[in-house]
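> Based on what follows, work out the 3D shape:
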Amino acid sequence: MSVSKSIMALVLLMIIPCAVAVSSPCSAGAESPRTKEYYTFAIIPQGPPEAMHRNWSPFIDLLSRDTGLALRLKVYEQMADFEEDLKEGSVDFAYMNPVQEVMAWNAQGYIPLVKSKNLITGCIFVRKDSGIKELHDLEGKEIALVGLKNVCSIVIRHDLRALNVGSRFVGSTSNVYKHVEIGDTAAGGSLDIVLEKDALEVNREFHTIYATEPLSSHPISVHPSVPADARHSVMAAVLKYREDKDSRGLLEQIGMKDPVTADYDKDYKPLEQKLMGSSETGR
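Numbering: from 1, shown residues only. Reported below is the predicted structural model:
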């Protein structure tokens, strides 16, 4: 299967037929808000559940207090379980990557509320002594990536589709570094924000040879059945936190520095069009 078809398959995997609406897919559900004792706030698994719970609990507790909503944090061991909940629409709020936002929008109409101001890019890096200078130097070689559905993996493989470059999925960013360092793969791929966090190690061992087009960052999104006042309360509270020193620390802890309002058409539809366009053209 070609890379472009594989990418499209990932998007189509979660799509459920929705009634056509002006504001968003499946938005009819927004007309009959449900009354709940609590709202589930699901988090994309970016590490062990214990670490995710530790990083996110203080933020969720503060958000619950400031909005008056009973928010219940839900963390995951497996990406498939998180994406199944998005597909089924069984969580109220969710922090997800940009590709998952495209999936969740088409499947259930999840509305992005806020995201980090800074854009993100996928980066391809190599050992400094590898002799690899440009993208075409990877022809016939292999690149290490975290996983099949990671956003950096998807956008990097999309941009490599014209080359004969194999992908090896190694499970974590630290494993990506190790594979490149010992020469098991010619290159590795990660998001620029991850490389910046690990700058000391990265700058010593590697150099970047390619960066994808910028993408809007991970949003906090909401199911359209959540009442509008609850959605607005969460969005307003998160935007307010950027003005407070202590709250800004919690935002940085969850990876949402300098939050701004998000809009699907402006921020995420270009990614949808890019993925679908590449499939339709067969590239």
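
> could you pull out the helices for the stretch 151-283 of the chain?
Along the stretch 151-283 of the chain, the segments classed as helices by DSSP state H, counting those that start in this stretch run 151-159, 173-181, 192-197, 199-205, 228-241, 245-254, 269-280.

> Quick one: closest of those helices to Y38.
helix 228-241 (11.3 Å; Cβ to Cβ). For every residue, glycine as well, the C-beta is placed using N, CA and C.

> can you state the direction angle for that closest one and helix 245-254?
Relative orientation of helix 228-241 versus helix 245-254 (axes from the mean of the first three to the mean of the last three Cα atoms, to 10 degrees): 100 degrees.

> and helix 228-241, how far from the chain's centre?
Between the centre of helix 228-241 and the centre of its chain there are 21 Å (Cα atoms, centre = their mean, to the nearest Å).

> And that helix, what's buried?
Within helix 228-241, the residues scored as buried using 16 or more other Cβ atoms under 10 Å are 230-231, 233-235, 237-238, 241.

> Tell me which of the helices of the stretch 151-283 of the chain sits nearest to A51.
Of all these, it is helix 245-254 that lies closest to A51, at 11.0 Å by Cβ to Cβ.

> Mind giving me the packing neighbours of the closest one?
helix 49-67, helix 228-241 (3 or more Cβ pairs under 8 Å, 6 or more residues apart in numbering; DSSP states H and E).

> that older thread, what's the most buried one of the helices of the stretch 151-283 of the chain?
Comparing the helices of the stretch 151-283 of the chain by mean neighbour count (mean count of other Cβ atoms under 10 Å), helix 151-159 comes out on top with a mean of 23.

> what about K266, neighbour count?
Neighbour count for K266, taken as other Cβ atoms under 10 Å: 11.

> Could you do E134 as well?
Neighbours around E134, by other Cβ under 10 Å: 8.

> hang on, the earlier thing: can you tell me which of the buried residues of helix 228-241 is closest to I156?
V238 (29.2 Å).

> before we move on, the earlier item: now the helices of the stretch 151-283 of the chain as a markdown table including distance to E37 and mean pLDDT?
Shown next, in a markdown table, are the helices of the stretch 151-283 of the chain (distance: least, Cβ to Cβ, whole Å; pLDDT from 0 to 100):
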| stretch | distance to E37 | mean pLDDT |
| --- | --- | --- |
| helix 151-159 | 33 | 89 |
| helix 173-181 | 38 | 91 |
| helix 192-197 | 36 | 82 |
| helix 199-205 | 44 | 74 |
| helix 228-241 | 13 | 97 |
| helix 245-254 | 24 | 91 |
| helix 269-280 | 34 | 64 |
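
> got these as CSV, with distance to K141 columns?
As requested, the helices of the stretch 151-283 of the chain are arranged in CSV below (distance: least, Cβ to Cβ, whole Å):
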stretch, distance to K141
helix 151-159, 14
helix 173-181, 11
helix 192-197, 20
helix 199-205, 18
helix 228-241, 42
helix 245-254, 36
helix 269-280, 22
